[in-house]
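Participant: Model the structure of this input:
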Amino acid sequence: MSAQEEKRDRFVRLAEARTSKALHAVRTIGNLANKSNYSFTERDVRKIRKALTDEVDAMVRRFSNSDSRARPVFTLGDSADGE
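Facilitator: The predicted structure is shown next:
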């Protein structure tokens, strides 16, 4: 097997595992929508959606042009972020 094939095999193996793990994590976030168990605001939902969307956008940029910016830490804490 060539080095290129080994790199491809490693990429496929890791991409499948990490994507599956990320999809599972997103599904578990969706479970928080159960209002009989949790209390949340529309602002909370917007912040979660924005954090996820921003990170997916950053991932896409990294595949496009090797963007390596620092990753923000997500928090629902009340801050003066204008949201």
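Participant: quick one: the helices in this protein?
Facilitator: All helices of the chain, identified by DSSP state H, fall at 3-30, 42-65.
Participant: I'd like to know which of these is closest to Pro72.
Facilitator: helix 42-65 (7.5 Å; CB to CB). All C-beta spots, glycine's among them, are computed from the backbone N, C-alpha and C.
Participant: show me where pLDDT drops low in this protein?
Facilitator: For the chain, the stretches with pLDDT under 70 are 66-70, 79-83.
Participant: domains of it?
Facilitator: Here the domain parsing of the chain from automatic domain parsing is 1-33, 39-68.
Participant: and among the helices of the chain, the most buried is which?
Facilitator: Counting by mean count of other CB atoms under 10 Å, helix 42-65 has the highest mean neighbour count of the helices of the chain, with a mean of 12.
Participant: Alpha carbons of it, as CSV, please.
Facilitator: Provided in CSV are the C-alpha atoms of helix 42-65 (Å, rounded to 0.1, in the frame of the first residue of the first chain):
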residue,chain,number,x,y,z
GLU,A,42,-35.3,31.3,22.5
ARG,A,43,-32.1,33.2,23.2
ASP,A,44,-30.5,30.0,24.5
VAL,A,45,-31.5,28.1,21.4
ARG,A,46,-30.2,30.9,19.1
LYS,A,47,-26.8,30.9,20.9
ILE,A,48,-26.5,27.1,20.6
ARG,A,49,-27.4,27.2,16.9
LYS,A,50,-25.0,30.0,16.3
ALA,A,51,-22.1,28.2,18.1
LEU,A,52,-22.8,25.0,16.1
THR,A,53,-23.1,26.9,12.8
ASP,A,54,-20.0,28.9,13.4
GLU,A,55,-18.0,25.8,14.1
VAL,A,56,-19.3,24.0,11.1
ASP,A,57,-18.4,27.1,9.0
ALA,A,58,-14.9,27.1,10.5
MET,A,59,-14.5,23.4,9.7
VAL,A,60,-15.5,24.0,6.0
ARG,A,61,-13.0,26.9,5.8
ARG,A,62,-10.2,24.7,7.1
PHE,A,63,-10.9,22.2,4.3
SER,A,64,-10.9,25.1,1.9
ASN,A,65,-7.8,27.1,2.9
